[in-house]
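Peer 1: 3D model of this:
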Amino acid sequence: MNQLSPYLSGFCFSLLSFSFLFAIPPSHERIALAYPLSGITIDGSIDDWTQDLMQYPISNALFGAKAEGAEDFLAYYMCGYDQEANALLLAIVIKDDIEISKVESPAWNNMDTYTLYLNEAYHPKGSGVARYTMRDNYRDLTDITDNWDPQLKAYLDWEKVDVKTQRIGNVTTYELKVQLNEPIYDGRIMGLGHMINDQDKVDDQSVIYGWVGRGGKSSSPQPGRIGMVIFQSLPGTMGRVKGKVAWEDPETPTRPEGIQIVSAENPAIWMYLPVNESLEFEAILPNGKYFLRPGKIAFFNGDTYFKAKVSHKQAFEVQGGKFMDLPTYQLKPEPKPDFETKGNLLSEWNAQSGPKIDKEIQKYMDFYQMEGVAFAAFKEGKIVYSQTYGVRNNFTGEAVTDQTLFEVASITKPVFAFAALRLWEKGIFDLDKPLYEYLAFEEIADMPYAKLVTARHVLTHQTGLPNWGWDGGLRFKFKPGTDFGYSGEGFEYLKRVLVEITGKEMNQILEEEVKKPLGIKDMYFQYDSEAFPRKSHGHYNGYPGLIDFPDQPGVAWSLVTNPQALSKFIFALQDRKGLKPETFELMFSSQTQVPEDFAENNWNAKEHVGIGIFVAEAAHGKVIKHSGNNGDFKAVFRLYDGLDMGYIVMVNGNTGHFILDHIEKVLIDPEQVLMRD
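Peer 2: Numbering: from 1, shown residues only. Alright, predicted model coming up:
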């Protein structure tokens, strides 16, 4: 069986000792069935594999242009298990007309490689995924240093993986025997994924194929990122179910994404299935009793949030060989709690203010599924209340403390602007001199407006450049200096200019111009060995991700800190410390107006952009502020300059924005800050 045979249309198994027809066809591309196999020798040849075993295509082009035909690329895998060795058996067969397997500096993406993803713990909260990447003498494992799952190390071991590779003609075969930590039993489900890098060197592009359409994401613990394998001793003990998911209220303007199926007898047996365009799902399951529950709890539609009630379940039973059409599973909404919408807790601070803030933040955390929050309120140049809530890692349950560090995303910008203004005061550069005269930005050098961009344009979001050039390319949206257009890309350009003209690395500049003069310790713009163990994981929809700490500062987004450290920077702004008085006047003065659809205030106060900072004009003075959004981290600070007080909120999850502005409503009475005409 060295040639690639057609994919079978049904489950037709011969388990070496006997043969029979299993009449249930494959129901979903992400579910594989593993049955016992014997007599398998791991030598790179699959001649000893059962000839009619199910072949699962690895055909989804995750990145790059899909193969033009079967001669270009075609791949499948087969699986089974060795009960005595407690091992998963895999055979991956790849038909590829061009193969690159030997390079000077081998890496997963510069030659043809195969990657296996295994989530053996398969915990509903998102356990770590073991990644094994291989090719002949090349081996690479998941880097666990920044992983959310500390137990993953126990599952990572090449000693447990016996793999042999063979190429005959245009067919490459990987044969694997993977010893598992937990025992194999009927009905056990485990996360399984496959990824193949086909490096044909056509226009220096490779194509990455996956078994599951969404790809094997070792950096994501979210269910559905990889597929599943179900261990069974006999095919006759399986049945198929088909169903549909819908909101109880058909007018709910958000689409269900998937469903969880959980065994009523063993909660370790569960699976997540995405629904199709018709909101339908289909699964092959072992005999037993199960229930359905929401596959995803939080749903967004613009700024509107919907939450499915997790206590609402729908029971059903699977009987071997039977096909079942389940009644539609209707998602029921979780009632929204009553949130306080007006208060003056900070202005009228007393012994009850802290507990009231705690209660309000906890309500938001519970409903919006926020994992961890750090909060600080300050008055008259000192913190009057600080508190941490929740966890820094939702998988391990490790609590947030006052030492926990958060990404504050775009709040990096005013910190960088402060450093830039100090250099400007020293005459290092000119705010209004075109940046190309210092250093050309190669990606835009040939564009008409490239020679007009100045540091002032960058720091006031008037470059005309997009926020980032990932989508739609790096193109000017308008002539620099003529309009407002929020742009992180512009900040990165100015960073390169300042590094060029000072001859210093950006981290050194930030150290010398911000941290040292202001006496701030816990501010980090790039990887730091002392800070790394204290950094929180970010979360998407309840699932933690890898700890992200860049090698070089991103002056538009990379600041990692906590409220205590950030408050020192805010106090410097409040006390006009570290810059000349006239420079602070410039920093807070209006450089351009903020459009209404971009303004971040609760009472429609007039808002403008200063130098690297946003300012609202309030009845009792300026509100100096900035927010940050890295997706899985959200943050905000507000300094009520005339009232001598403010607050900081940091959140380590993607729903954090629901609390950032809201908390202002209970801290400050709008009558005190609203600009009156």
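Peer 1: Where does the prediction get shaky in the stretch 551-677 of the chain?
Peer 2: Applying pLDDT under 70 to the stretch 551-677 of the chain picks out residues 670-677.
Peer 1: now the helices for it?
Peer 2: When assigned using DSSP state H, counting those that start in this stretch, the helices of the stretch 551-677 of the chain occupy the ranges 563-575, 581-588, 657-660, 662-667, 670-673.
Peer 1: Then the chain?
Peer 2: Ranges of helices in the chain, per DSSP state H, are 353-368, 412-425, 455-459, 488-502, 506-510, 516-518, 563-575, 581-588, 657-660, 662-667, 670-673.
Peer 1: Dump those into JSON lines; add distance to D338 as well.
Peer 2: C-beta here means a position set from N, CA and C on the backbone, and glycine is covered the same way. Listed next are the helices of the chain as JSON lines, based on distance: least, Cβ to Cβ, whole Å:
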{"stretch": "helix 353-368", "distance to D338": "8"}
{"stretch": "helix 412-425", "distance to D338": "35"}
{"stretch": "helix 455-459", "distance to D338": "42"}
{"stretch": "helix 488-502", "distance to D338": "37"}
{"stretch": "helix 506-510", "distance to D338": "43"}
{"stretch": "helix 516-518", "distance to D338": "41"}
{"stretch": "helix 563-575", "distance to D338": "27"}
{"stretch": "helix 581-588", "distance to D338": "37"}
{"stretch": "helix 657-660", "distance to D338": "15"}
{"stretch": "helix 662-667", "distance to D338": "13"}
{"stretch": "helix 670-673", "distance to D338": "19"}
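Peer 1: sorry, back to before: just tell me which of the helices of the stretch 551-677 of the chain ends up closest to I189.
Peer 2: With Cβ to Cβ as the measure, helix 657-660 is the member of the helices of the stretch 551-677 of the chain nearest I189 (33.9 Å).
Peer 1: ok now the closest one, how far from the chain's centre?
Peer 2: Between the mean C-alpha location of helix 657-660 and the chain-wide mean there is a distance of 18 Å, by Cα atoms, centre = their mean, to the nearest Å.
Peer 1: What pairs with the longest strand along the chain, parallel or antiparallel?
Peer 2: If you go by DSSP state E, the chain has its longest strand at strand 189-202. Taking DSSP bridges as the criterion, strand 189-202 sits next to strand 113-119 (antiparallel), strand 205-210 (antiparallel), strand 227-231 (antiparallel) in its sheet.
Peer 1: worst average pLDDT in those strands?
Peer 2: Out of the strands paired with strand 189-202, strand 205-210 stands lowest, with a mean of 86 (criterion: mean pLDDT).
Peer 1: Residue ranges in the stretch 401-550 of the chain under the pLDDT threshold?
Peer 2: 471-472.
Peer 1: can you pull out the strands in it?
Peer 2: Listed from the start of the chain, the stretch 401-550 of the chain has strands (DSSP state E, counting those that start in this stretch) covering 406-407, 523-524, 539-540, 543-544.
Peer 1: Could you say which one of these comes nearest to D149?
Peer 2: For the strands of the stretch 401-550 of the chain, distance to D149 was read as Cβ to Cβ. The smallest value, 8.4 Å, belongs to strand 543-544.
Peer 1: List of residues touching the closest one?
Peer 2: Residues from elsewhere that reach strand 543-544 (Cβ atoms under 8 Å, 6 or more residues apart in numbering): 125-126, 148, 220-222, 371, 393-395, 537-538.
Peer 1: With distance to P250 added, can I get the residues you listed in TSV?
Peer 2: As requested, those are exported to TSV (distance: Cβ to Cβ, whole Å):
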residue	distance to P250
K125	31
G126	31
W148	37
S220	31
P221	32
Q222	27
E371	32
N393	38
N394	32
F395	35
H537	37
G538	34
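Peer 1: Let's see which of those residues end up in strands.
Peer 2: N393.
Peer 1: of the contacts of strand 543-544, the lowest pLDDT goes to which?
Peer 2: The pLDDT minimum for those sits at S220, where the score is 80.
Peer 1: Count the residues that sit near that one.
Peer 2: Other residues near S220 come to 20 when the count uses other Cβ atoms under 10 Å.
Peer 1: before we move on, what about S45?
Peer 2: Burial of S45, expressed as a neighbour count using other Cβ under 10 Å, amounts to 16.
Peer 1: just G302 next, same as before
Peer 2: The local packing count at G302 equals 7, with neighbours defined by other Cβ under 10 Å.
Peer 1: What pLDDT does the model give it?
Peer 2: In the prediction, the pLDDT value recorded for G302 is 77.
Peer 1: List the buried residues in stretch 336-356.
Peer 2: Of the residues in stretch 336-356, those with enough neighbours to count as buried (16 or more other Cβ atoms under 10 Å) are 343-347, 349, 353-354.
Peer 1: Now mean neighbour count and distance to T115 too, for the helices of the stretch 551-677 of the chain, in TSV please.
Peer 2: Converted to TSV, the helices of the stretch 551-677 of the chain look like this (neighbours: other Cβ atoms under 10 Å; distance: least, Cβ to Cβ, whole Å):
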stretch	mean neighbour count	distance to T115
helix 563-575	20	39
helix 581-588	15	49
helix 657-660	20	35
helix 662-667	21	43
helix 670-673	17	54
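Peer 1: And these: which comes nearest I100?
Peer 2: Proximity of the helices of the stretch 551-677 of the chain to I100 was assessed by Cβ to Cβ; the nearest stretch is helix 657-660, lying at 45.1 Å.
Peer 1: helices or strands next to the closest one in the packing?
Peer 2: With contacts defined as 3 or more Cβ pairs under 8 Å, 6 or more residues apart in numbering; DSSP states H and E, the packing partners of helix 657-660 are helix 353-368, strand 634-640, strand 645-651.
Peer 1: ok, now how distant is T142 from I58?
Peer 2: 20 Å (Cβ to Cβ, to the nearest Å).
Peer 1: on that earlier part again, can you tell which of the helices of the chain is closest to Q205?
Peer 2: Among the helices of the chain, helix 488-502 comes nearest to Q205, with 24.6 Å by Cβ to Cβ.
Peer 1: Can you tell me the number of residues neighbouring L88?
Peer 2: Around L88 there are 24 other residues, counting by other Cβ under 10 Å.
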